[in-house]
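# got a predicted model here, sequence first, then my questions.
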Amino acid sequence: MYVRHARLVVQFRRKVGYWPNVADPVRYNEKLLWRKLFDHDPRFTKLSNRAYAQEYLVENAGANMAFASRVWIGNDVEQLPDEVFQRPTVIKALHGSGWNVFVEDNKVERSSVRELARNWLARRYGRTHHEWAYFDVEPGLVVEEMLVSRDGEPLIEFKFHACAGKVVLCFVMTNPKRPGARYAIFDRDGNRLPARAAVVYNSDEDMLPADFKLPDAFFDARDGVERASQDIDYARYDIMSVNSQLFAGEITIYCCGGYAVYDTQDIERRLTSHWDIRNSWFLSTAQQGWRHLYAQAMAKQFV
């Protein structure tokens, strides 16, 4: 595997800081790399489509989960209606992560937005870091009405890491993707953990104040994610909260592209210990040829 995927292995070493055990993964990021190369669960491609992921969450998480109002969905930039630019909206790519633009107060140049969206549609996300699930996601765009709090409270995003129906931890962020965004990490029970991302969002200014209190919506969202994640060995589930209403965001199969680094080993230990790859599609579904032999060899370790 080192020879066949030399670029990925070297990239992993540079970003994470150690050489991965590709074929016999133990640590959290190693499992993400293994997932990229072997665990090609057909559901992952569907869940990596933002629209499908939202529908999945609304259907499986419970009654308090909703969609942000959709203004338009399609794959032709020329068909973007004027309405998109006449009120606060967010334009998002269905087939990638981080591809979004906020449209508000007529401050955005329409031609620039259309060109940016056209560029998204011409690209396939995930190639750089071999994020397999994105390879066959059909390019598309969705325009959503911008979520705005009625009472001046900040918009909150919950990023739940869950393994087979159990939330392990959650990144809680106020005003996500906007200037002044701040976050902290909490365990399943809402206790704040003394940890932060080691590469991005790692300054004191990025952290939520010490007296920040979780809203009750955190626990509603947690319970919904645990219902929705029963049959998936690991993923990250993003949920927005506005005035106690929950809105489905996206489901991330390869968190941080497979290179998540924190300033304490506690976070990685939690994710490593809870993620049991015996629950993965690759090890729970009959494989063929050399994959069958490899899966059998791996299964012997767990006896």
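That came through, no problem.
# and the next element down the chain from the host helix or strand of residue 240?
When elements are assigned from DSSP states H and E, residue 240 belongs to strand 235-242. Counting by DSSP H and E, the next helix or strand C-terminal to strand 235-242 is strand 245-252.
# that following strand - contacts with which helices or strands?
Counting by 3 or more C-beta pairs under 8 Å, 6 or more residues apart in numbering; DSSP states H and E, the packing neighbours recorded for strand 245-252 are helix 50-61, strand 65-66, helix 217-228, strand 235-242. Any C-beta I mention is one placed from the backbone N, CA and C, and that applies to glycine too.
# let me have these in a markdown table, extended by distance to residue 204.
What follows is these, written out as a markdown table (distance: least, C-beta to C-beta, whole Å):
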| stretch | distance to residue 204 |
| --- | --- |
| helix 50-61 | 32 |
| strand 65-66 | 34 |
| helix 217-228 | 23 |
| strand 235-242 | 24 |
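# closest one to residue 118 among these?
Using C-beta to C-beta as the criterion, the shortest distance between residue 118 and the helices and strands packed on strand 245-252 is 18.0 Å, found for helix 50-61.
# the closest one versus strand 245-252: what angle between them?
For helix 50-61 against strand 245-252, the angle by axes from the mean of the first three to the mean of the last three C-alpha atoms, to 10 degrees is 120 degrees.
# now do the buried residues in helix 50-61.
Neighbour counts using 16 or more other C-beta atoms under 10 Å place 50, 51, 52, 53, 54, 56, 57, 58, 60, 61 of helix 50-61 among the buried residues.
# which residues sit against that helix?
Contacts made with helix 50-61 from outside it, assessed by C-beta atoms under 8 Å, 6 or more residues apart in numbering, are listed as 46-47, 65-67, 73, 92-95, 140, 142, 224-225, 227-228, 237, 239, 246, 248-251.
# which of those residues count as buried?
When burial is judged by neighbour count using 16+ other C-beta under 10 Å, the buried members of the contacts of helix 50-61 are 46-47, 65-66, 92-95, 140, 142, 224-225, 228, 237, 239, 246, 248-251.
# ok, residue 88 - how many residues close by?
Applying the criterion other C-beta atoms under 10 Å, we find 12 residues in the vicinity of residue 88.
# ok, it touching residue 144?
No. Residue 88 lies out of contact with residue 144 (C-beta atoms under 8 Å); the separation is 10.0 Å.
# which secondary structure elements does the strand or helix carrying residue 290 contact?
With elements delineated by DSSP H and E, residue 290 resides in helix 289-300, which encompasses its position. Contact analysis of helix 289-300 by 3+ C-beta pairs under 8 Å, 6+ apart lists helix 281-284 as its packing neighbours.
# residues of the helix it packs on that come out buried?
281, 282, 283.
# what does stretch 116-130 give?
By neighbour count, with 16+ other C-beta under 10 Å as the criterion, the buried positions of stretch 116-130 are 116, 117, 120, 121, 125, 126, 129, 130.
# tell me where the model's unsure across the chain.
Along the chain, the parts satisfying pLDDT under 70 run over 105-107, 199, 303.
# which parts of it are helices?
Defined through DSSP state H, the helices belonging to the chain, from first to last, are 6-16, 28-37, 42-47, 50-61, 110-121, 217-228, 265-274, 281-284, 289-300.
# among those, which comes closest to residue 207?
Across those, residue 207 has its closest neighbour in helix 265-274 (14.6 Å, C-beta to C-beta).
# quick one: list the elements packing against the closest one.
Taking 3+ C-beta pairs under 8 Å, 6+ apart as the contact definition, the neighbouring helices and strands of helix 265-274 are helix 28-37, strand 156-163, strand 166-174.
# same list, these, but as TSV with distance to residue 214 and mean neighbour count please.
Below are those laid out as TSV (distance: least, C-beta to C-beta, whole Å; neighbours: other C-beta atoms under 10 Å):
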stretch	distance to residue 214	mean neighbour count
helix 28-37	24	23
strand 156-163	9	24
strand 166-174	7	20
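# in JSON lines, list these along with distance to residue 196.
Converted to JSON lines, these look like this (distance: least, C-beta to C-beta, whole Å):
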{"stretch": "helix 28-37", "distance to residue 196": "16"}
{"stretch": "strand 156-163", "distance to residue 196": "14"}
{"stretch": "strand 166-174", "distance to residue 196": "10"}
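# mind checking which of these is nearest residue 84?
Set against residue 84 and scored by C-beta to C-beta, the helices and strands packed on helix 265-274 come closest in strand 156-163, at 22.4 Å.
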